[in-house]
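>>> fold the stuff below for me.
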Amino acid sequence: MPRKKLGRMKVRVPDEETTRKYLLWLSGRELHYEPEILPKIRSDSLFGNDRPLELEVGCGSGEFLCSLAREHPEVNFVGIDRHRKSLYKAIEEASGKALENILFIGADFRFVYPLLSDESLQAIHLRFPDPGAKARERRKRLFSKRFVDEAHRALVPGGRLVLITDDEDYFEQALATVEEDGRWKKESGQGRPADSEGNARSRFERMWEQRGRQAFWLELTKSSTVG
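The predicted structure follows:
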């Protein structure tokens with residue numbers, strides 16, 4: 001089932017105070033022409049502290065990230081998505097849990113790379129991304145050499161990049177992308193990783209589980225040594 005159909009939902013627009021607390025909307029123009037004026041994706045820039053920071057790319061309506069934020073108040077979390085309705089739902093989720101360690105950013109992640117700081121993230125999560133099943137869409141998949149290179153730059157030594165997808169072709173393409181990349185410790189399999197963030201689930205993950213779809217996972221851990 002196409003994600004754009006599954007993504008249709010009725011949401012309430014949050015009030016201005018809640019929006020200011022939980023949402024940073026970055027325009028394409030600023031990201032393209034003036035990234036230097038925008039805050040870097042670091043704990044000190046976004047939260048005013050030095051806690052570890054985790055990032056979810058394509059956070060959707062925020063269930064997974066809000067669950068992590070609630071379970072780990074000692075860690076900061078940022079979710080990025082470009083769909084306004086999904087972000088409004090994520091804000092509602094975070095506000096309902098009174099979370100103080102989470103922020104959502106409205107942007108296309110492909111334009112956010114200049115805002116990533118070197119060795120600033122302890123984990124990057126990419127869960128059930130749009131597989132772009134059509135031939136012309138496969139070339140635009142987010143998991144690419146550029147994505148992996150930028151993730152490696154932004155992660156601390158020992159930091160993790162975790163992909164979970166229900167699309168086997170996407171999974172196989174991701175494996176091929178990092179096959180000869182010696183900068184990572186690589187683990188992969190079917191289902192969920194053994195240490196897969198407790199009971200946290202994204203909206204799409206719950207949907208696919210209910211439909212009995214098989215998931216595939218790839219976890220890359222940044223080497224603490226060069227080479």
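
>>> tell me the helices in the chain, going along the chain?
Using DSSP state H, the helices assigned to the chain run over residues 3-6, 16-22, 28-33, 43-46, 63-71, 84-96, 135-138, 145-154, 168-178, 203-210.

>>> I'd like to know how many residues surround the nearest residue to residue 224 once chain neighbours are set aside.
Using Cβ to Cβ, 6 or more residues apart in numbering and skipping residues adjacent in sequence, the residue nearest residue 224 is residue 157, 4.0 Å away. C-beta coordinates here come from the backbone N, C-alpha and C atoms, glycine included. By other Cβ atoms under 10 Å, 11 other residues sit near residue 157.

>>> what's the answer for residue 183, then?
Look at residue 183: counted by other Cβ under 10 Å, it has 15 neighbours.

>>> next one: it, what pLDDT does it get?
The score at residue 183 is 97. That number is its pLDDT.

>>> lowest confidence element among the helices and strands of this structure?
In the chain, no helix or strand scores lower on mean pLDDT, DSSP states H and E than helix 3-6, which sits at a mean of 50.

>>> wait, doesn't the residue nearest to residue 224 sit right on residue 223?
Yes - Residue 157 is within contact range of residue 223, at 7.2 Å (criterion: Cβ atoms under 8 Å).

>>> give me the below-cutoff pLDDT ranges for the chain.
1-9, 133-137, 192-212, 225-227 (pLDDT under 70).

>>> run me through the strand neighbours of the strand ranked longest in it, direction for each.
If you go by DSSP state E, the chain has its longest strand at strand 155-165. Strand 155-165 sits in its sheet next to strand 121-127 (parallel), strand 216-222 (antiparallel), going by DSSP bridges.

>>> among those, which comes closest to residue 39?
The minimum distance between residue 39 and the strands paired with strand 155-165 falls on strand 121-127, with 14.7 Å, by Cβ to Cβ.

>>> quick check: residue 90 touching residue 80?
No - with contact defined as Cβ under 8 Å, residue 90 does not count as touching residue 80 (10.5 Å).

>>> give me the more crowded residue out of those two.
Looking at residue 90 and residue 80 with other Cβ under 10 Å, you find the greater number of neighbours at residue 90, namely 29 against 22.

>>> quick one: that one from residue 96, how far?
11 Å (Cβ to Cβ, to the nearest Å).

>>> residue 11 too?
Here residue 11 is placed at a distance of 13 Å from residue 96 (Cβ to Cβ).

>>> quick one, which of these two is more surrounded?
Neighbours per residue (other Cβ under 10 Å) separate residue 11 from residue 96, with residue 11 holding more: 15 against 9.

>>> wait, what's in contact with that one?
85, 88, 89, 92 (Cβ atoms under 8 Å, 6 or more residues apart in numbering).

>>> next one: residue 174
Contacts for residue 174 (Cβ under 8 Å, 6+ apart) come out as 143, 163, 165, 218.

>>> so what sits against both of residue 90 and residue 80?
Residues touching both residue 90 and residue 80 by Cβ under 8 Å, 6+ apart: 59, 104.

>>> and the residue nearest to residue 181 when sequence neighbours are not counted, how many neighbours does it have?
Distances taken as Cβ to Cβ, 6+ apart put residue 148 closest to residue 181, at 6.8 Å, once the chain neighbours are dropped. Counted with other Cβ under 10 Å, residues neighbouring residue 148 total 18.

>>> quick one: residue 31 from residue 128, how far?
24 Å.

>>> good, wrapping up.
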